[in-house]
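*Asks:* got a predicted model here, sequence first, then my questions.
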Amino acid sequence: MKNVIRYGRITLELLLLLVVMTYLVIPMLPAKADPADAFQSEWVLIRDTADEDGADFATVYDLTLKGNFANKDSATVANGGPYQISPRAGVSNRWMFTICAKNYDVGSDNTIDNTFSFNLIGWAKNNGMLQVIAEGDCILGTQAVIVYPDSGTAFDALVDETAVVYTHGGASTERFTVTNEGFAGTVAGMLVYVTGTNITSGYYAITTATDPNNIVCSNIAASGDSTNATVQSNPAFWADTISLDETTKWTSTINGAAAASGNEGVLAVLNADGSISAGEVASIVVDLSGIEWIQWVIYDALPAPTTEAGDVTVYGRKF
């Protein structure tokens, strides 16, 4: 009996020792790298794909008449309306925004550079006044939208055709032909990326798209016909240039120290100095502390083939 008690006491002492060691060891283990909140690990849809909200900002929001929270756009995010960022006490409310849109036309230099303008506005709680946070212009770059960053379905390639027959000739006979109606959905003004024998690879604008088997492009750099041309088109691209018209809308300094000094401010544009490499993506980083609702108002963007972009989409994430 004594042995049983002694062994039971030893077992209990070992258990107590194990518990003590567990408490001593656990604090020494690396902390789990969970994000401060869910937004730090994902992109969220801030403005769903839509064309311009109006011809200019004043058309959408006349600040002398409808600037307060009660008069904010009643549309949902799915229709380009406001987004509730729901700040949490003690959690940083600095956000990064990235924008993509459809490019329907190429410039005279045959580049992907459709443009649009924006205002980022916000409200602080119910019945608050509308505050203009940033306004500026965007230019689309060359990185095509392959997948949406929020894991949603992206634009599929509108055209991805091989073994295309190319007929070299004058401006009206630079024709590409398929037999499977692979050019369905294209319109005059859209651009395609072309490669093939006797053709200088590059983006070329569609001048005529009368049926799904034939398109005519302009200014094709080629030395002759081709039977193995590849024609591709993805109309959606990320913006690679963002310029702010007003840098005083929201402070870009902290305690008087400029961002250029290494003390990054609460309003900064990344990858937008006009000299970035092809394919890079521009973004805006802004501290929205004190703001509960935001909205991206898009203008100078049209769905028709022009030098203006269409179908603009905005994504954001905690930064």
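*Replies:* Looks like it came in fine. Everything quoted here is computed from the prediction, not taken from an experiment. Residues are numbered from 1 along each chain as shown.

*Asks:* show me what contacts D311?
*Replies:* Remark: with contacts taken as Cβ atoms under 8 Å, 6 or more residues apart in numbering, D311 is in contact with 49-51, 101-102, 236, 303. Quick note: C-beta positions are derived from backbone N, CA and C, even for glycine.

*Asks:* got it, and V77?
*Replies:* Each residue near V77 by Cβ under 8 Å, 6+ apart is listed here: 45-48, 83.

*Asks:* switch the cut-off to 10 Å
*Replies:* In this structure, V77 makes contact with 44-48, 50, 83-84, 295-296, 314, judged by Cβ atoms under 10 Å, 6 or more residues apart in numbering.

*Asks:* follow-up on the earlier one: can you list which of the contacts of D311 are found in strands?
*Replies:* The members of these that map onto strands under DSSP state E are 49-50, 101-102, 236.

*Asks:* out of these, which one sits closest to G279?
*Replies:* Comparing the ones in strands among the contacts of D311 against G279 with Cβ to Cβ places A236 closest, at 14.1 Å.

*Asks:* number of nearby residues for that closest one?
*Replies:* 24 (other Cβ atoms under 10 Å).

*Asks:* now G279
*Replies:* Neighbour count of G279, defined by other Cβ under 10 Å: 12.

*Asks:* likewise the one 10 residues further on?
*Replies:* Each residue near S289 was counted by other Cβ under 10 Å, and the total is 12.

*Asks:* and it, that's in a helix?
*Replies:* No: if the criterion is DSSP: H, G, I helix; E, B strand; the rest coil, then S289 is coil and not within a helix.

*Asks:* and it, what's its pLDDT?
*Replies:* pLDDT, S289: 81.

*Asks:* is it true that it touches R94?
*Replies:* Yes: at 7.8 Å, S289 counts as touching R94 under the criterion of Cβ atoms under 10 Å.

*Asks:* parallel or antiparallel, list what pairs with the regular element (helix or strand) spanning A134.
*Replies:* When elements are assigned from DSSP states H and E, A134 belongs to strand 131-144. If you go by DSSP bridges, strand 131-144 pairs up with strand 115-123 (antiparallel), strand 236-244 (antiparallel).

*Asks:* can you map out the strands along the stretch 1-150 of the chain?
*Replies:* Using DSSP state E, counting those that start in this stretch, the strands of the stretch 1-150 of the chain run over residues 44-50, 83-84, 94-102, 115-123, 131-144.

*Asks:* looking at these, which is closest to F319?
*Replies:* strand 94-102 (4.1 Å).

*Asks:* about what we covered before: pLDDT of the strand holding A134, averaged?
*Replies:* The average pLDDT for strand 131-144 rounds to 87.

*Asks:* that strand to strand 94-102, inter-axis angle?
*Replies:* On the basis of axes from the mean of the first three to the mean of the last three Cα atoms, to 10 degrees, strand 131-144 is oriented at 50 degrees to strand 94-102.

*Asks:* beyond the strand or helix carrying F176, next helix or strand please.
*Replies:* Secondary structure from DSSP H and E places F176 in strand 175-177. Moving toward the C-terminus from strand 175-177, the first helix or strand encountered (DSSP H and E) is strand 191-195.

*Asks:* pairing partners for the helix or strand just after that next one, with directions?
*Replies:* Remark: after strand 191-195, the chain's next helix or strand is strand 202-211, criterion DSSP H and E. In the sheet, strand 202-211 lines up against strand 191-195 (antiparallel), strand 214-217 (antiparallel) (DSSP bridges).

*Asks:* got the CA coordinates for strand 202-211 in PDB?
*Replies:* Extracted in PDB, the C-alpha atoms of strand 202-211 (Å, rounded to 0.1, in the frame of the first residue of the first chain):
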ATOM      1  CA  GLY A 202       3.800  44.200 -80.600                       C
ATOM      2  CA  TYR A 203       0.400  45.700 -79.800                       C
ATOM      3  CA  TYR A 204      -1.700  46.900 -82.700                       C
ATOM      4  CA  ALA A 205      -5.100  48.600 -82.800                       C
ATOM      5  CA  ILE A 206      -8.100  47.000 -84.400                       C
ATOM      6  CA  THR A 207      -9.600  49.300 -87.100                       C
ATOM      7  CA  THR A 208     -12.300  47.000 -88.300                       C
ATOM      8  CA  ALA A 209     -14.100  44.000 -86.700                       C
ATOM      9  CA  THR A 210     -17.000  43.200 -88.900                       C
ATOM     10  CA  ASP A 211     -17.400  39.500 -88.100                       C
END
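
*Asks:* for it, buried residues please.
*Replies:* Using 16 or more other Cβ atoms under 10 Å as the test for burial, strand 202-211 gives 202-206, 208-209.

*Asks:* want to throw these into JSON lines with pLDDT?
*Replies:* Converted to JSON lines, these look like this (pLDDT from 0 to 100):
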{"residue": "G202", "pLDDT": "82"}
{"residue": "Y203", "pLDDT": "79"}
{"residue": "Y204", "pLDDT": "84"}
{"residue": "A205", "pLDDT": "81"}
{"residue": "I206", "pLDDT": "87"}
{"residue": "T208", "pLDDT": "89"}
{"residue": "A209", "pLDDT": "89"}
